[in-house]
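Trainee: let me see the structure of the following:
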Amino acid sequence: MITNTQIMLIRKSWRQFMGIEPAVIADLFYSKLFADNPGIRKLFPRQMEAQYVKLIDMLNTIISRLPQLDALTDDLAAMAQRHTSYGTKPVHYKLVGKALVWTLRQGLGKEWNTELEEAWLHCYTVLSNIMINASIPANDEFASSKH
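Mentor: Coordinates of the predicted model:
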């Protein structure tokens, strides 16, 4: 689970981070994701402006609801199912997490530190595991044994 201290750190850093224009944040994130993983680009629309809005809105919603993680689980599972229908594979979650942490580090600059990185990494791992587990068919024992 995510501790109250981690939630506090994440929410505080996100408020600071949102001082940057959301389109700039999203563009930086996706530029990093696609530069490191060119094969992922085909999973996204050609025009990315609407995707930028979806990314920031999703992160705002998730971060605001972190204290009620249990209530967020169903929404994360539904999102995972949608992402699976777009072609998202479990391996993609790790790549997205790396790009997200890199983007946060760039945007927060001197405010970024080890404690904050650990909080974000732990939070992302918990959330992505919920999504990965929700994207694996219940009767697919081989797939679930790989995670």
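Trainee: only C-alpha atoms for contact and neighbour calcs from this point on.
Mentor: Will do.
Trainee: how much space between Asn37 and Val91?
Mentor: Distance, Asn37 to Val91, by Cα to Cα, to the nearest Å: 11 Å.
Trainee: repeat that for Ala119.
Mentor: In this structure, Ala119 lies at 21 Å from Val91, with Cα to Cα as the measure.
Trainee: quick one: which of Asn37 and Val91 has more around it?
Mentor: Relative neighbour count places Asn37 above the other of Asn37 and Val91, with 14 against 9, counting by other Cα atoms under 10 Å.
Trainee: show the contacting residues for that one.
Mentor: Contacts for Asn37 were tallied using Cα atoms under 8 Å, 6 or more residues apart in numbering; they are Leu95.
Trainee: tell me where the protein has helices.
Mentor: For the chain, helices defined by DSSP state H occupy the ranges 4-17, 22-36, 49-64, 69-86, 90-108, 114-135, 141-145.
Trainee: and the closest residue to Leu9 other than its chain neighbours, what is it in contact with?
Mentor: Among residues not flanking Leu9 along the chain, Leu116 sits closest, at 6.4 Å (Cα to Cα, 6 or more residues apart in numbering). For Leu116, the residues meeting the contact criterion (Cα under 8 Å, 6+ apart) are 6, 9-10.
Trainee: looking at those, spot the one nearest Leu69.
Mentor: Among the contacts of Leu116, Gln6 lies closest to Leu69 (Cα to Cα), at 12.9 Å.
Trainee: what about the residue lying closest to that closest one once chain neighbours are set aside, distance to Arg15?
Mentor: Nearest non-adjacent residue to Gln6, counting by Cα to Cα, 6+ apart: Ala119, 5.0 Å away. From Ala119 over to Arg15 the distance is 15 Å, taken as Cα to Cα.
Trainee: quick one, which of these two is more surrounded?
Mentor: Applying other Cα under 10 Å to Ala119 and Arg15 shows that Ala119 carries more neighbours, namely 19 against 12.
Trainee: circling back: state the pLDDT value of the residue nearest to Gln6.
Mentor: Here the pLDDT value assigned to Ala119 is 98.
Trainee: again, but for Ala26
Mentor: For Ala26, the predicted pLDDT is 96.
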